[in-house]
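J.: Here is a sequence together with a model predicted from it:
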Amino acid sequence: MTVHIINSQKKIPLELKPIKTIANRIMRELKLKDYEVSLLLTDDEGITQLNHLYLKRNRPTNVISFPMNEGTWLGDIAISVETAAREAEEGDMTLRDEIVYLFIHGLLHLIGYDHESGDESAAALMRDRERSLFSAVMGYEID
């Protein structure tokens, strides 16, 4: 089980070691110990480019997942640290908690969860799984 982290943004200082440790715990919790993912921590400009190129949306977003499912490679997750920082402040969370939550969200997409299909029960299932995973790895709940 490996989470490869690339921090391409320079605007917000981050401690990567705790994020990697928590990401690996999430992988273990999901029984994905034999799999790998990459996590790109970028800025709003970088995620806007990805969003435009792959999803035809010309705006920043918080997280995008790119499923690969090639052998042990599940895929790639990109998080805008700038957007995460704004959302953390709005939600009265730490930036680390927001990044962890977004990683969980992206990882669930990589393994087949979907909240954008229009199926409310699938969206509710994904939200519940996000919250339960967060609580399991962090030891506390979020609102």
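T.: In hand now; what should we look at? Numbering: from 1, shown residues only.
J.: Please, which helix or strand holds the residue nearest the centre of the chain?
T.: The residue lying closest to the centre of the chain (Cα atoms, centre = their mean) is residue 103, at 2.0 Å. Using DSSP states H and E, residue 103 falls within helix 95-110.
J.: Equivalent analysis for residue 65, please.
T.: strand 63-70.
J.: which strands and helices sit next to that strand?
T.: When contacts are defined as 3 or more Cβ pairs under 8 Å, 6 or more residues apart in numbering; DSSP states H and E, strand 63-70 packs onto helix 44-55, strand 73-80, helix 95-110. Backbone N, C-alpha and C define where each C-beta goes, glycine included.
J.: Give the other helices and strands that the helix holding residue 103 contacts.
T.: For helix 95-110, the packing partners by 3+ Cβ pairs under 8 Å, 6+ apart are helix 16-29, strand 36-42, strand 63-70, strand 73-80, helix 81-90, helix 120-138.
J.: The third one: partners in the sheet, and parallel or antiparallel?
T.: Strand partners for strand 63-70, identified by DSSP bridges, are recorded as strand 73-80 (antiparallel).
J.: ok now the strand it pairs with, how far from the chain's centre?
T.: Computed by Cα atoms, centre = their mean, to the nearest Å, the separation of strand 73-80 from the middle of its chain amounts to 7 Å.
J.: ok, and what's touching it?
T.: 9, 32, 35-44, 46-47, 50, 60-69, 99, 102-103, 106-107, 110-111 (Cβ atoms under 8 Å, 6 or more residues apart in numbering).
J.: Restricted to buried residues, select those in ChimeraX.
T.: In ChimeraX, this line selects whichever of these come out buried by 16 or more other Cβ atoms under 10 Å:
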select :9,32,35,36,37,38,39,40,41,42,43,44,46,47,50,60,61,62,63,64,65,66,99,102,103,106,107,110,111
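J.: shaky segments in this protein?
T.: Residue ranges of the chain with pLDDT under 70: 1.
J.: and residue 100, what does it touch?
T.: By Cβ under 8 Å, 6+ apart, the contact set of residue 100 is 19, 22-23, 26, 134, 137-138.
J.: measure it to residue 18 for me?
T.: For residue 100, the distance to residue 18 (Cβ to Cβ, to the nearest Å) stands at 9 Å.
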